[in-house]
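> quick one: sequence plus predicted model below, questions after.
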Amino acid sequence: MGTVAWAGRKIGGALVVLWLVATAIFIAIRLIPGDPAEAIMGGPGSQASAEALAAARAEYALDQPLFAQYLLYLGKLLALDFGTSYSLKQPVAQVMGEVLPNTLWLSLLALAAAWLMALCFAAAAIRSSRFASQLGSLMEIIAAAVPHFWLGAVLIMLFSSALGWLPAVDNGSAQGLVLPVLTLALPLAGFLTQLMRDSLGEAMGSQFALAARARGESRLKLFWRHGLRHAALPALGLTGWAFSSLLSGAVVVEAIFARPGLGRSLLSAVLARDIPMVTGIALFSALVYIVVMALAEGLERLINPAGGQR
Amino acid sequence: MSRTAKILSAIVIGLWLLMALAPSVLAPGDPLAINPVQAFQKPGAAHFFGTDESGRDIYTRVIHGASDSLSIGLAATALGMGLAIILGTVAALSPRWIDDIILRVLEALYAIPSLLMALLIIAFTGPGVGPAIVAVGLSTAPGYARLVRSQIRSLKNSEMLESATVLGRGSWLKVRNHLVPNALKPLLALVTLGIGQAVIWAAALSFLGLGAAPPAPEWGAMLSAGRTYLHLAWWMSLFPGLAIVAVAVSATLIGRALGGKVKSL
């Protein structure tokens, strides 16, 4: 498949997926028993004022026929208009724009840290004894099984309460970032190591590695030029999963470390039952997921030694 | 599965079942009994895991918590897997265009990370144990359904079914004798891994204040309560979390022994 055709197919598929997510959310709002305007304003418990309900009816065009509402809703989404957060009284897109860099920065640092740790562990595992490697693989399973919300608490207890090295609350400093990043990165590193170890070991023990060594390439160069490429491929295939883990983890990590971000906004929106905010963030994360998946697949095509043939 | 792995798995499952079904055998006390004089006791001979802010015994609470945490995880997995089996089987056995539609929908749902999907559902339903089960179940269903579908599709095109067709077996007979038993075994591994995940997700929701609420002896709720006293009483957070990790690790190890892969989740 040519690159242009491939990109076209990807974009088409992404649009279909986004449209389906948006439609599912539209249906879900209408499935809530009672007045949809009230549902948008946080359910019957929120006791929204008559003016607020009237404003919601006008904004979501609830007096129009259902299909017209649907078209209007899709039109607004196309213009990246996710509605107004009733708990914050601000456009959802604006709130997301303000907190997004925090979450993005956190996730990217965690992703980088996880890759680095996984590569180091995987490289170390090749040359270690059978016992050490079995111990290592148990550690990986444990690392991958540890939930973010508990790991964060343990790291705070260890490095903040007991040792006093790092702040427990993210105060905006570089030190404040260490624990949140570690909390996100460790479980991911556990998963990535499991994947990389096998493929790295295979690549380093293969015929072409032997040939390269015979040509006089150093082990280190071999690792950089060939091993890494083979180790990265299966890990790249896991990008979608990693992204999900990072975003889910961000909700928890931002709550524990009192760090502003997309996850924390989502959590307070859920607690306030702020439907426009919640659906806005869900749609946005679906969009990011699709973009990330496409990028990962593109990267895979680029570095795959088999030249993109599958 | 090797003999040792079988015996070990049986012992581990037996222990969890004992904790969940007959917690009083291991911890005879009342998990909800408060005793303010004994608040914030460090772990020791009187209280193995210490006590919480109201003097409740953490060891008793962790043991009794198995019942809540595990049953929420089991219920959520059952819901997710049940939906997945229906959707995946329908997709795999349907004509191409129905399969395409179902696959597209699953892909769309899969694009929202599990915890976000669970939060989205709870935003509509409001918090609680029931909504948490539904949220975790529904948010794991798309991932399972994709695996069930590919499993059944690969079986559908297998030689085994071809020969059954050549022999003139009816379609119901084929589904019963070949598809179900052969698809079931890999699913069992998946379910085992899934229970570990579901226990974690459900605890995460309780931790965030959206599932079981304190003072219920549910592990996530206990962690949520312990968060306030992180600097004061580390034991309140350490032990319930260890229980969650222990469940997740045993689920991973047993699931793997059954032939499952973690990354497929």
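In hand now; what should we look at?
> every contact and neighbour count from this point should use C-alpha atoms.
Fine.
> can you list the weak-confidence ranges in the stretch 101-250 of chain B?
Along the stretch 101-250 of chain B, no part satisfies pLDDT under 70.
> looking only at pLDDT, what's the mean for the biggest helix by length in chain B?
In chain B, assigned by DSSP state H, the helix with the most residues is helix B:58-93. Average pLDDT, helix B:58-93: 88.
> packing partners of the longest helix seen in chain A?
Using DSSP H to assign secondary structure, the helix with the most residues in chain A is helix A:92-126. Under the contact criterion of 3 or more C-alpha pairs under 8 Å, 6 or more residues apart in numbering or on different chains; DSSP states H and E, helix A:92-126 touches helix A:130-145, helix A:174-204, helix A:239-256, helix A:262-271, helix A:275-303.
> that older thread, pull out the buried residues from the longest helix of chain B.
B:58-85, B:87-92 (16 or more other C-alpha atoms under 10 Å in any protein chain shown).
> what angle sits between the very next helix or strand once past that helix and helix A:239-256?
The helix or strand immediately downstream of helix B:58-93 is helix B:96-110, counting by DSSP states H and E. Here the directions of helix B:96-110 and helix A:239-256 differ by 30 degrees (axes from the mean of the first three to the mean of the last three C-alpha atoms, to 10 degrees).
> near chain A, anything from helix B:96-110?
Yes - residues of helix B:96-110 are located near chain A by C-alpha under 8 Å from any C-alpha of the partner chain, namely B:104-105, B:107-109.
> going by distance to chain A, which of these wins?
residue B:108 (4.6 Å; C-alpha to the nearest C-alpha).
> for the spatially closest residue to residue B:178 that is not a sequence neighbour, what are its contacts?
Leaving aside its sequence neighbours, residue B:178 sits nearest to residue B:161 (C-alpha to C-alpha, 6 or more residues apart in numbering or on different chains; 7.2 Å). With C-alpha atoms under 8 Å, 6 or more residues apart in numbering or on different chains as the criterion, the residues that contact residue B:161 are B:155, B:174, B:178.
> between these, which is closest to chain A?
residue B:155 (21.6 Å).
> show the backbone phi and psi for residue A:90.
As for residue A:90, its main-chain torsions (degrees, to the nearest 10) stand at phi -140, psi 150.
> sorry, back to before: tell me what the longest helix of chain B is packed against?
Secondary elements touching helix B:58-93 (3+ C-alpha pairs under 8 Å, 6+ apart): helix B:3-21, helix B:23-26, helix B:96-110, helix B:129-156, helix B:180-207, helix B:219-227, helix B:235-257.
> which one of the ones you listed lies closest to residue B:121?
Closest to residue B:121 of the helices and strands packed on helix B:58-93 is helix B:129-156 (C-alpha to C-alpha; 5.7 Å).
> which positions in the closest one come out as buried?
Those buried within helix B:129-156 under the rule 16+ other C-alpha under 10 Å are B:129-149, B:151-153, B:155-156.
> could you point out the helix or strand that follows that helix?
helix B:159-166.
> buried set for that next one?
Those would be B:161, B:164, for helix B:159-166 by 16+ other C-alpha under 10 Å.
> next, the angle helix B:129-156 makes with that helix.
Using the same axes, to 10 degrees: helix B:159-166 against helix B:129-156 is 70 degrees.
> export helix B:159-166 as CSV, just CAs?
What follows is helix B:159-166, C-alpha atoms only, in CSV (Å, rounded to 0.1, in the frame of the first residue of the first chain):
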residue,chain,number,x,y,z
GLU,B,159,-9.6,-27.5,9.1
MET,B,160,-11.5,-29.0,11.9
LEU,B,161,-14.6,-27.2,11.0
GLU,B,162,-14.1,-27.8,7.3
SER,B,163,-14.0,-31.6,7.9
ALA,B,164,-17.1,-31.3,10.1
THR,B,165,-18.8,-29.6,7.2
VAL,B,166,-17.6,-32.2,4.7
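> next secondary structure after that helix?
With DSSP H and E, the next secondary element past helix B:159-166 is helix B:171-174.
> name the surrounding residues that touch that next one.
Applying C-alpha under 8 Å, 6+ apart, the contact partners of helix B:171-174 are B:161, B:164.
> before we move on, what about stretch B:234-250?
Residues from elsewhere that reach stretch B:234-250 (C-alpha under 8 Å, 6+ apart): A:141-142, A:145-147, A:150, A:153-154, A:157, B:12, B:42-43, B:49-52, B:58-59, B:62, B:193, B:195-197, B:199-200, B:219-220, B:222-223, B:225-227, B:229-230.
> and the gap between the closest residue to residue A:232 other than its chain neighbours and chain B?
Excluding its sequence neighbours, the residue lying closest to residue A:232 (C-alpha to C-alpha, 6+ apart) is residue A:196, at 6.9 Å. Distance, residue A:196 to chain B, by C-alpha to the nearest C-alpha, to the nearest Å: 12 Å.
> can you get me a residue count around residue A:196?
25 (other C-alpha atoms under 10 Å in any protein chain shown).
> and if you look at residue A:173?
9.
> same check on residue A:21?
The tally of other residues near residue A:21 (other C-alpha under 10 Å) stands at 23.
> surely it touches residue B:110?
No - counting by C-alpha atoms under 8 Å, residue A:21 sits too far from residue B:110 to count as a contact (9.7 Å).
> confirm residue B:231 sits in a helix?
No - in this structure, residue B:231 is coil, not part of a helix, as judged by DSSP: H, G, I helix; E, B strand; the rest coil.
> ok, it touching residue A:161?
Yes - at 5.4 Å, residue B:231 and residue A:161 qualify as touching, with contact defined as C-alpha under 8 Å.
> contact residues of the stretch 101-250 of chain B facing chain A?
So the stretch 101-250 of chain B meets chain A at B:104-105, B:107-109, B:111-117, B:119-120, B:122-124, B:126, B:200, B:204, B:207-208, B:210, B:223, B:227, B:230-231, B:234, B:237-238, B:241, B:245, B:248-249 (C-alpha under 8 Å from any C-alpha).
> before we move on, the earlier item: separate out the buried members of the residues of helix B:96-110 next to chain A.
For those, a neighbour count by 16+ other C-alpha under 10 Å gives the buried set as B:104-105, B:107-109.
> farthest-separated two in those residues?
B:104 and B:109 (8.7 Å).
> check contacts around residue A:165.
residue A:159.
> where does it land in three-state SS?
coil.
> mind checking how far it is from residue B:229?
Relative to residue B:229, residue A:165 is positioned 19 Å away (C-alpha to C-alpha, to the nearest Å).
> flag every residue of the stretch 201-310 of chain A that's near chain B.
The stretch 201-310 of chain A comes close to chain B at residues A:238, A:244-245, A:247-248, A:252, A:255, A:267, A:269-271, A:273-275, A:278-279, A:282-283, A:285-287, A:289-290, as judged by C-alpha under 8 Å from any C-alpha.
> among these, name the buried ones.
Counted by 16+ other C-alpha under 10 Å, those give A:238, A:244-245, A:247-248, A:252, A:255, A:267, A:269-271, A:273-275, A:278-279, A:282-283, A:285-287, A:289-290 as buried.
> circling back: and the residue nearest to residue B:178, how far from chain A?
With C-alpha to the nearest C-alpha as the criterion, residue B:161 and chain A are 27 Å apart.
> cool, residue B:26 as well?
Distance from residue B:26 to chain A, by C-alpha to the nearest C-alpha: 24 Å.
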